[in-house]
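Visitor: predicted coordinates and the sequence they were generated for:
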Amino acid sequence: MTEIEIMTTASLGDTSYLLVSGDEAALIDPQRDSWELMESCADRGVRIRYALDTHVHNDYLSGALEVRAATGATVAGPARAPYAFDHLGLAEGDEITVGDATLRALETPGHTAEHTSYLVLDGSRPDRPAAVFTGGSLLAGTAGRTDLSGADHTEELARAQYRSLRRLALLPDSTRVLPTHGAGSSCSAGPAATGRTTTVGAERRTNPALTVADEEEFVSGRMAGLPPYPAYYHHMAPVNRSGPPVLGGLPALRPLTPAAVEGLAGGGAQIVDGRDRSSFAAGHLPGSICEELDDRFASLVAEVVPFGTRLVLVLPEPAGEAGREAVRQLLRIGYDNIAGHLAGGVGAWAAAGRPLRSFRTADAAELVGHLADRRILDVRPEGPDGGVPGALVVPLAELPRRLGELPRDREVWTVCTSGRRATIAASLLDRAGIPVTAVIRGGAEDLVRPA
């Protein structure tokens with residue numbers, strides 16, 4: 001009997017799958033931090049035979065090499081992917097067996113040029129696929145975006161995606177669709193359904209990517225209105241092609257003294273503070289930025305901190321579990337250069353006689369009726385619909401390189417939707433010496449809502 005276990009990484013909007021047949025398994029599109037899963041398989045007497053990727057991911061580092069190092073599994077992936085390490089390349093029609101199940105490669109370019117899906121053929125019904133791992137091709141309620149390889153390839157890949165999706169739609173209605181990308185992933189070309197899995201029949205009836213009238217309409221839709229994708233995506237494919245460094249487990253986070261943190265910051269390291277926004281605003285290390293530690297922590301770090309930057313963390317105390325979560329999220333997207341964390345947190349810094357900075361916070365209600373006499377910076381990620389009158393609009397991801405556009409002669413009020421990005425923006429302005437108030441409760445919508 002073949003079973004498929006679903007493992008969702010909500011912070012990235014992605015899903016990995018473990019296919020188990022008898023005492024053998026294949027791990028499809030594994031995250032880099034799959035160590036606990038591998039231990040669970042060993043405890044259950046299940047041998048992972050393959051670590052299988054559908055494409056060279058643009059939103060996380062593949063865990064395939066971690067799986068091979070820990071279990072001896074064969075790394076397999078699209079034959080057209082130019083990997084720089086030993087692997088089993090799978091072209092159209094190639095098959096691998098896992099217990100009584102067979103996985104058959106189905107080339108489905110579009111999301112990326114090398115993208116390959118995998119049909120699951122159970123031993124009892126070898127002529128009828130039970131499921132298909134669709135990676136970034138057919139998603140629940142949408143499809144994978146086709147612009148990740150650059151503007152020169154977007155139209156070509158959009159046309160390939162159109163054909164790939166219609167090929168997948170020819171599978172039997174009951175075929176389970178098991179995509180990697182889903183709700184919350186920037187690899188999606190449109191809003192994905194909240195459900196992580198679906199069926200071919202359900203998608204054929206309701207998915208706009210399949211119900212669109214013709215190829216030209218599909219292509220024009222794929223090439224228009226796509227939101228920007230995170231800057232760190234540019235680094236994921238090259239690292240995955242060369243092979244991410246094998247870690248062998250979650251690295252320990254080194255405790256640092258205030259003197260060590262001061263020295264690292266002076267040498268160019270970025271201090272990232274994972275405490276809540278109110279605590280950060282009330283007192284934080286000079287030059288630090290606020291990135292509240294929750295499911296979105298690493299993705300927001302990547303919006304404003306260049307890839308490869310050396311990081312020092314300031315964490316909620318005690319820092320044990322918080323540190324592990326922060327490191328885990330950062331490693332998933334290749335932010336490996338983590339020097340350590342400030343032992344004892346902000347309290348230890350202050351006790352060592354070192355200065356703290358602060359800035360004012362406010363509710364959106366304090367701006368209502370005062371828009372004309374306040375300098376407002378709107379940092380929402382997409383073009384504001386019904387923007388704040390008179391506000392300067394700079395999406396958060398663009399703010400580090402556009403700080404020079406901001407006047408410094410009076411206070412700036414940062415706003416977003418909920419206060420999260422507004423606080424990050426305020427920390428960037430504070431680092432640059434620009435007087436700032438962060439609207440941390442409420443947001444831009446409250447300022448444009450009719451009275």
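Guide: Arrived safely, thanks for sending.
Visitor: output the lowest mean pLDDT helix or strand found in the protein.
Guide: Across the helices and strands of the chain, the lowest-confidence element by mean pLDDT, DSSP states H and E is helix 444-448, at a mean of 83.
Visitor: would you mind listing the buried residues in it?
Guide: Ala444, Glu445, Asp446, Leu447 (16 or more other Cβ atoms under 10 Å). No exception for glycine: its C-beta is placed from N, CA and C like everyone else's.
Visitor: other residues contacting that helix?
Guide: Helix 444-448 is contacted from outside by 364-365, 367-368, 371, 376, 378, 380, 384, 386-389, 391, 415-417, using Cβ atoms under 8 Å, 6 or more residues apart in numbering.
Visitor: 7 Å instead?
Guide: Ala364, Leu367, Val368, Leu371, Asp378, Arg380, Pro384, Gly386, Val388, Val415, Cys416, Thr417 (Cβ atoms under 7 Å, 6 or more residues apart in numbering).
Visitor: how about the CA coordinates for that helix, as PDB?
Guide: Output in PDB follows, covering the C-alpha atoms of helix 444-448 (Å, rounded to 0.1, in the frame of the first residue of the first chain):
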ATOM      1  CA  ALA A 444      -3.100  53.000   5.600                       C
ATOM      2  CA  GLU A 445      -6.600  51.700   5.100                       C
ATOM      3  CA  ASP A 446      -7.800  53.500   8.200                       C
ATOM      4  CA  LEU A 447      -6.500  56.700   6.800                       C
ATOM      5  CA  VAL A 448      -8.400  56.500   3.500                       C
END
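Visitor: ok so, going back, go through the buried residues of helix 444-448 and name the one nearest Pro179.
Guide: Distance to Pro179, by Cβ to Cβ, is smallest for Glu445 among the buried residues of helix 444-448, at 31.4 Å.
Visitor: for the helix or strand hosting Ser220, buried residues please.
Guide: Using DSSP states H and E, Ser220 sits in helix 215-222. Within helix 215-222, the residues that qualify as buried are Phe218, Val219, Gly221, Arg222, counting by 16+ other Cβ under 10 Å.
Visitor: same check on stretch 378-396?
Guide: By neighbour count with 16+ other Cβ under 10 Å, stretch 378-396 contains the buried residues Asp378, Val379, Arg380, Pro381, Pro384, Val388, Ala391, Val394, Pro395, Leu396.
Visitor: repeat for stretch 189-203
Guide: Ala189, Gly190, Ala192, Ala193, Arg196, Thr197, Thr198, Thr199, Val200, Ala202, Glu203.
Visitor: quick one: contacts for the first one?
Guide: Listed by Cβ under 7 Å, 6+ apart, the contact partners of Ala189 are Thr142, Ala143, Gly144, Arg145, Arg222, Leu226.
Visitor: pLDDT below threshold where in the stretch 301-450 of the chain?
Guide: Applying pLDDT under 70 to the stretch 301-450 of the chain flags residues 383-386, 449-450.
Visitor: tell me the contacts of the nearest residue to Arg80 once chain neighbours are set aside?
Guide: Closest residue to Arg80 apart from its sequence neighbours, by Cβ to Cβ, 6 or more residues apart in numbering: Glu114 at 4.0 Å. By Cβ under 7 Å, 6+ apart, Glu114 lies in contact with His55, Val56, Pro78, Arg80, Ala81.
Visitor: go with 10 Å
Guide: 53-56, 77-83, 89, 107-108, 237, 241 (Cβ atoms under 10 Å, 6 or more residues apart in numbering).
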